[in-house]
Structures are given as structure tokens and as C-alpha cells.
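> fold the following.
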Amino acid sequence: MNAHSTSVPATARKSNGLSGQVRVPGDKSISHRAVMFGGLASGETRITGLLEGEDVMRTGQAMKAMGARIDKRGDEWVIQGTGNGCLLEPEAPLDFGNAGTGSRLTMGLVGTYDMETTFIGDASLSRRPMGRVLDPLRRMGVQVLKAADGDRMPLTLHGPKHAAPIAYRVPMASAQVKSAVLLAGLNTAGITTVIEPVATRDHTERMLASFGAALEVESDRDGARHIRIEGQGRLTGQTIAVPGDPSSAAFPLVAALIVPGSDIVIENVLMNPTRTGLITTLLDMGANIELIDERRAGGEDVADLRVRASDLKGVTVPADRAPSMIDEYPVLAVAASFAEGETLMQGLDELRVKESDRLSAVANGLKANHVDCEEGAASLLVRGRPGGKGLGGGTVETHLDHRIAMSFLVMGLATQDPVTIDDRSMIATSFPAFVELMRGLGAELE
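Next comes the predicted model:
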């Protein structure tokens, strides 16, 4: 997806109580990996529940460009993979649009191949730093032939004839960096080790093991996770049911909490413990969230969530919770705007390098709608106003960031005055049916 030449503004207005049952799109992180690993594995992979947003489709196009066959048959995606070590050199640059996860993981996947691969993206993705992935790849022998200033796209990689396995301690809490190194290790003889001082979402490890990779995980006395993968093994196609994305579920969830009289059920939500930081925080704030029918599906924990309007109170969110809810801080800030007292969010460094500088984008959006807040270098303090009296009335700059757009549309459902966003086009990257789903619950969106 390229930068939008025509913006499509949207406005949210104070709504009556939301009600109904909904199912959010498949988890974005798992969808990227399912398409990628299916395209790499030998034999056939079948996927149901795949997120059909633009970001995941870009990953699918990249895998097709390197030899995988991918088709949709009814509600199921069927992939014929190339076999580990057998990806083909793409004939043209791989265009990832706005897909940060897809691009960074694919850099790891193809980096250790003795071939030339060029990565391009839209204006937003081209501003995002790729050095955090490229640094460990360089240690494995990968050459960065071309790159924009600051190791940014467009960039071109060429792998070595024989990549070197490494032991790499991830310097920041990043599932993307961890995953990129593990995927580079798939095509590298020997044992590649990633040391993760702070646990991040573990979908890569879980799914690689299910595809047959020789992978082991253990924790040391300091709690750091050591993830070892043996390269050049065989991956075998799998059947995968993708659960609902907790990051997408966050929007109807928070909307139901802040719109008086709401009572909704969100079905089939992923409850992987590395992804439940928002629910933990909202429960701390007094949210009425009930987990129904907790179960296992496709190797992951899932549950249905019943959510009812709640009187929230401000809390301090510890920095060590950030990895388990990094994409949910914008909508948490919206919830905090309606809570009694102050909510302090810490450890937000990573928000500076998302699709936008999310920390500044959130703070500026709150201020535009008369929310009292303070932005720190890696923190955000929000002073809530229960009932939303006096809030709203502003227009929010989304900076081509889908989560900023959806978060502030949720906000407008409970503020005294409407909230407008400058562009909703990019919501399609992760949640194409967002507006339709929210209207189905009773949200006033136009």
C-alpha cells in the first residue's frame, strides 16, 4: 500500500450502549508467520481464519515471488511450499507496503540465501528503522548492498555462500528481531541461538516447532530465554486455525467499557500469555471483562470475552508489561481518558518506531480532544475525565497509522463532542471490516 493520495476522513459520535456478538479478524502476527512458514515448508499447508488485511497479503505476495504457490479455496488458504533452503531469487523488488512485521521477518528468512533481494515499502514503512534486524544478519555474513540513510528502505540484501550461525542477545524487547534471527538460522548450518532477556510474543517458536523445526527453549537463572534452532532441517506443511487477534479485539473491547450501557461478547480471542497485557491492565482498572469457554486451539490459548461498561480508575502500568501490549497503548490511552484519576504508562520507547511515532501521535490526538496528558521520553500520563464530559471536538492526525485511526474512532463513541480522524484508509492493513463491525454493535461512525 502506497501513501494515500486521497484521504478518507471519518467521524465517531456519542453512541448508545453497544450490544451483540462479534468475531475479530485472525491474529496478525500468527497470520504473517502461517503464510511465511507454509510457503517455506515442504508439502501443503492449509490455513483457516487468516487475517486478509493488506499487510498479510503483502507477505503472501513475497512468498509467491520466491516460489510458493498460494490459493484461496472457499474460506481456506492452501499453500504449496518450496521446501526449506529452496526459495527462489525474486525477479522484482518485494513491496511490503506498510507491513513492518512481514518485511523484517522476511529479511531474516531470505538474508542467508546466496541471492539478491530488494525490499521496498510505503512512505510510513520507509521511515522505520531496519538496522535492528540488519545488525545480527550482518554478523551472519549478510551483505547490505544498498540502503537509504539509517538502514532504511529501499534496501537490497545479498546472502553469503555459507552463512555463519551466531549467538545473539537481543538488545531490546522485540519479537521481530528475535524472529528474524531464528528465520535466518533456518538456512544456516549449525545452531543459531537467540538470547531474549525480556520475553516477547512467542508465536515464531511455537509455530516453527509445529512445522518440525529442531528448536529448543530454556531459561537461565536470570530469567533470560535461550532459543536454539538447528539449521537446514526439514519443515513439513501443517493445518492451522488462526485465532482472533487480541490487538484487534482491543477496539470493540475498550469501546464497550467506555460507552455506558454496553454489553458485548468478542468470540475466539487469542489469549497467549505474551499478548494479554491490555486485559491485565484493564482488569486492574476495574474493567468488567469475563473470560468464557477458555480452551486450546491450534496450539494456542483462546477464549470468548464478555465485556460490559465499567467505571474505570487510573493505574500505573509497569514498564515490564510493555512487550505484552505494545500495540495496545493507543487504545489504552483512550480508556484512560475516561478513568477516574491518573494513568501512567511507562517503558514506551518502542512506540517511537512503529508505523508512526505512536507516542507523540497519541499524545497529540488526546490534546486535540481536550484530554489532560503529559508525554515523556518513554512515558505517557493521562488524567481521565469520567463520563467524557468536555472531551472530543478535535481532528486527529493519524500519520498513516491504523491503530491511531481506530483508537480515536473508539474515543469518539463516548466523548461529549464528536472525534474526527483525518484518514481511515489505512485501517485496511489490519482490520478491513472495522467500521462495519463497530456499526453492527451500534457505534455511530461515519
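> can you confirm Val8 is in a helix?
No: secondary structure of Val8 (DSSP: H, G, I helix; E, B strand; the rest coil): coil, not part of a helix.
> name the spans of the stretch 251-400 of the chain whose pLDDT lies under the cut-off.
298 (pLDDT under 70).
> list the residues that contact the closest residue to Asp423 other than its chain neighbours.
Beyond its immediate neighbours in the sequence, the residue positioned closest to Asp423 (Cβ to Cβ, 6 or more residues apart in numbering) is Ser7, lying 4.0 Å away. Any C-beta I mention is one placed from the backbone N, CA and C, and that applies to glycine too. For Ser7, the contact set (Cβ atoms under 8 Å, 6 or more residues apart in numbering) comprises 422-423, 425.
> buried subset of those?
Buried members of those, scored by 16 or more other Cβ atoms under 10 Å, are 422-423, 425.
> mind putting the residues you listed into JSON lines with distance to Ala12, pLDDT and secondary structure?
Shown next, in JSON lines, are the buried ones among the contacts of Ser7 (distance: Cβ to Cβ, whole Å; pLDDT from 0 to 100; DSSP: H, G, I helix; E, B strand; the rest coil):
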{"residue": "Asp422", "distance to Ala12": "13", "pLDDT": "98", "secondary structure": "coil"}
{"residue": "Asp423", "distance to Ala12": "14", "pLDDT": "97", "secondary structure": "coil"}
{"residue": "Ser425", "distance to Ala12": "16", "pLDDT": "94", "secondary structure": "helix"}
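> in stretch 209-221, what counts as buried?
Along stretch 209-221, the positions that meet the burial threshold by neighbour count (16+ other Cβ under 10 Å) are 210-213, 215.
> now stretch 310-328
When neighbours are counted by 16+ other Cβ under 10 Å, the buried residues of stretch 310-328 are found to be 310, 312-315, 317, 319, 321-328.
> ok, now stretch 266-285?
Going through stretch 266-285 with 16+ other Cβ under 10 Å, the ones that come out buried are 266-272, 274-279, 281-282, 284-285.
> distance between the ends of it?
Counting by Cα to Cα, to the nearest Å, the length from the leading to the trailing residue of stretch 266-285 is 20 Å.
> what of stretch 179-193?
11 Å.
> how far does it sit from its chain's centre?
22 Å (Cα atoms, centre = their mean, to the nearest Å).
> same thing with stretch 365-383?
Computed by Cα atoms, centre = their mean, the separation of stretch 365-383 from the middle of its chain amounts to 23 Å.
> please save the CA atoms from that stretch in CSV.
Provided in CSV are the C-alpha atoms of stretch 365-383 (Å, rounded to 0.1, in the frame of the first residue of the first chain):
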residue,chain,number,x,y,z
GLY,A,365,-4.6,13.2,19.5
LEU,A,366,-5.6,13.3,23.1
LYS,A,367,-4.7,17.0,23.4
ALA,A,368,-6.7,17.8,20.3
ASN,A,369,-9.7,16.4,22.1
HIS,A,370,-9.1,18.2,25.4
VAL,A,371,-7.6,15.3,27.4
ASP,A,372,-5.1,16.4,30.0
CYS,A,373,-1.9,14.4,29.3
GLU,A,374,1.8,14.6,29.5
GLU,A,375,4.2,13.0,27.1
GLY,A,376,7.6,11.9,28.4
ALA,A,377,10.6,10.4,26.5
ALA,A,378,9.2,6.9,27.1
SER,A,379,6.1,7.5,29.1
LEU,A,380,2.5,8.9,28.9
LEU,A,381,0.5,10.3,31.8
VAL,A,382,-3.3,10.6,31.2
ARG,A,383,-5.6,12.4,33.6
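> burial count for Arg138?
Arg138 has 15 neighbours, counted by other Cβ atoms under 10 Å.
> got it, and Leu291?
Leu291: 14 surrounding residues under other Cβ under 10 Å.
> contact partners for it?
When contacts are taken as Cβ under 8 Å, 6+ apart, Leu291 is in contact with 271, 303-305.
> got TSV for the buried residues of stretch 209-221, with pLDDT and distance to Pro160 too?
Compiled in TSV, these are given as follows (pLDDT from 0 to 100; distance: Cβ to Cβ, whole Å):
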residue	pLDDT	distance to Pro160
Ser210	94	29
Phe211	96	25
Gly212	97	25
Ala213	97	21
Leu215	97	23
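> from those, which ones fall inside helices?
In helices, defined here by DSSP state H, the members of those are 210-211.
> and the buried residues of stretch 209-221, which is closest to Tyr113?
When the buried residues of stretch 209-221 are compared for distance to Tyr113 (Cβ to Cβ), Ala213 wins out at 17.1 Å.
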